[in-house]
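S.K.: Got a predicted model here, sequence first, then my questions.
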Amino acid sequence: MKVGEFCNRDVVVMGGEESAQAAAALMRAHHVGDVVLVEDRGGVTTPLGIVTDRDLVLEVMVPGVDAASLAARDLVTAPLVTVREDQGLFDALELMRARGVRRLPVVNGKGALLGILAVDDLVGLMGEMLSRLSSVVARQVVREEKQRP
């Protein structure tokens, strides 16, 4: 299973020079927990970083910084980790674990932003897979009871 098949293609984006307050407003308007910072590199929308709701709390709200005067790019504390659309889901999960990130922007071979893969998405997918797996066991029991009363 490839990342590109399961990532969320509706990514909320903004430029890094916009304010932290603008990032918060976008998150609220779209009911999401992150905004991907992007720039245009020769017609390719390239991800530069991610601002999360947690970043806003830890870097703006708690210290009491003026969110309107702080650029969103100044909230990015870790190097951006991306995953290619053709990589496997388990590779992406391992990358998340190794780097300690909950969200991975999904890019194509040119580095263009295509989507985002979040731990929440993987939890939902894994839950669905476990449900299907448990139904296999239940169906086997029913079939066996019919064949061997």
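M.R.: That came in fine, so what should we check first?
S.K.: What residues are bridge-paired with residue 39?
M.R.: Beta-bridge partners for residue 39, by DSSP bridges, are residue 46.
S.K.: Can you tell me how far it is from residue 13?
M.R.: 10 Å (CB to CB, to the nearest Å). Using the backbone N, CA and C atoms, a C-beta is placed for each residue, glycine as well.
S.K.: ditto for residue 3
M.R.: Noted for residue 3: a distance of 18 Å to residue 13, by CB to CB.
S.K.: likewise residue 73?
M.R.: Residue 73 is 13 Å from residue 13, by CB to CB.
S.K.: same check, this time on residue 19
M.R.: Using CB to CB, we find residue 19 at a distance of 15 Å from residue 13.
S.K.: which stretches of this structure form strands?
M.R.: Here the chain has its strands, by DSSP state E, at 13-15, 34-41, 44-52, 83-84, 103-107, 113-118.
S.K.: which one of the ones you listed lies closest to residue 147?
M.R.: Across those, residue 147 has its closest neighbour in strand 113-118 (42.3 Å, CB to CB).
S.K.: Quick one: mean pLDDT for that closest one?
M.R.: For strand 113-118, mean pLDDT rounds to 97.
S.K.: Compute the inter-axis angle for the lowest-mean-pLDDT helix or strand in the chain and strand 113-118.
M.R.: For the chain, using mean pLDDT, DSSP states H and E, the weakest element among its helices and strands is helix 119-147, scoring a mean of 86. Relative orientation of helix 119-147 versus strand 113-118 (axes from the mean of the first three to the mean of the last three CA atoms, to 10 degrees): 70 degrees.
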